[in-house]
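J.: Let's see this in three dimensions:
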Amino acid sequence: VEDIVLKYVNDQTLTLFFDECHALPESVQTALLTILNPNKKNSNLFRYEDSEIMFDFRKVSFVFATTDPQKLVGPFKDRCRVLHMDEYQYSDLGKIVRENLDTGLAIPDEVMDHVASVCRGNARNAVLMAKDNIVQYMKGSKVSELCHKHWDTLCDVLGIMPMGLESSEVQVLKALSEFQEGCSLNNLSAKTGFTRQAIMLEFESYLVKKGLMQIKSGGREITTKGKDYLAKHVFKTQTGVFANDLN
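T.: Numbering: from 1, shown residues only. Modelled structure (predicted):
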């Protein structure tokens, strides 16, 4: 409060942006209920210890972003106007990658689709892919344009899998492929060595989203698409052939 609110909010024109706002302590969310309480004056007075802070909503705006809205206090959400954002398309991710390349480095459109396909629909991943992987590779290899051959080499060296799958997710898929009619979460946990919680919260959501596995009343099952993925991109690579494409 002392470092931000008292310093920047009082009699200032600004927008306060809170990323991952579901991580705000409940006490802060509760305080925001008072601050954001709607009224005809379009302003609220908030008292904190010995200080009084006037929030004049003709000058001050709040923007909250979250990927986990169910963790927010119900009345807090009611104070806001909810805007649901569309998922990033390959073209969006490609722009983000290009914006984070060093001057003089380029990626052709036909290669950029492959790059975007492994960013998991995530802008942060696109930034990291550009800065930590592509830029370093291109500088180290002394190339100014990333062609298909260079991209395949980069994926091979760094172990970047099609769709951007992590090794743990591939391990889950491989375990599922050994069960003819699906398996329980307990069996999958025992087979992979991952905890039930880790499988549910960390690994299976992306596999389900990409259509590689499904969750039924009888348990977890690998899909035909998942089997094809393993045959094309995992089991083949173990024989020395690496393939990386959009599917």
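J.: roughly how far apart are the residue lying farthest from the centre of the chain and Asn37?
T.: The centre of the chain is farthest from one residue, Asp50, which by Cα atoms, centre = their mean lies 40.9 Å away. Going from Asp50 to Asn37 by Cβ to Cβ, to the nearest Å gives 22 Å. No exception for glycine: its C-beta is placed from N, CA and C like everyone else's.
J.: same check, this time on Pro162
T.: 50 Å.
J.: Name the residue in the two with the higher neighbour count.
T.: Applying other Cβ atoms under 10 Å to Pro162 and Asn37 shows that Pro162 carries more neighbours, namely 19 against 12.
J.: Surely the more buried one and His233 touch.
T.: Yes - with contact defined as Cβ atoms under 8 Å, Pro162 reaches His233; the gap is 5.3 Å.
J.: still on that earlier bit, and the residue farthest from the centre of the chain, backbone torsions?
T.: phi -100, psi 10 (degrees, to the nearest 10).
J.: Now do stretch 13-29: distance to the chain's middle.
T.: Stretch 13-29 has its C-alpha centroid displaced from the chain centroid by 19 Å (Cα atoms, centre = their mean, to the nearest Å).
J.: Between the two ends of that stretch, how far is it?
T.: 22 Å (Cα to Cα, to the nearest Å).
J.: Where does pLDDT dip in this protein?
T.: In the predicted model, the chain carries pLDDT under 70 at residues 1-8, 237-247.
J.: Got the domain ranges for it?
T.: 5-78, 90-160, 164-239 (automatic domain parsing).
J.: Just put those in TSV and tack on distance to His84.
T.: Listed next are the domains of the chain as TSV, based on distance: least, Cβ to Cβ, whole Å:
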stretch	distance to His84
domain 5-78	9
domain 90-160	15
domain 164-239	17
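J.: Against Glu110, how distant is the one residue sitting closest to the centre of the chain?
T.: When Cα atoms, centre = their mean is applied to the chain, the residue found nearest the centroid is Asn122 (4.3 Å). With the distance defined as Cβ to Cβ, Asn122 ends up 22 Å from Glu110.
J.: and what of Asn42?
T.: 52 Å.
J.: Please apply the same query to Met163.
T.: 18 Å.
J.: same deal with Asp152?
T.: With Cβ to Cβ as the criterion, Asp152 and Glu110 are 13 Å apart.
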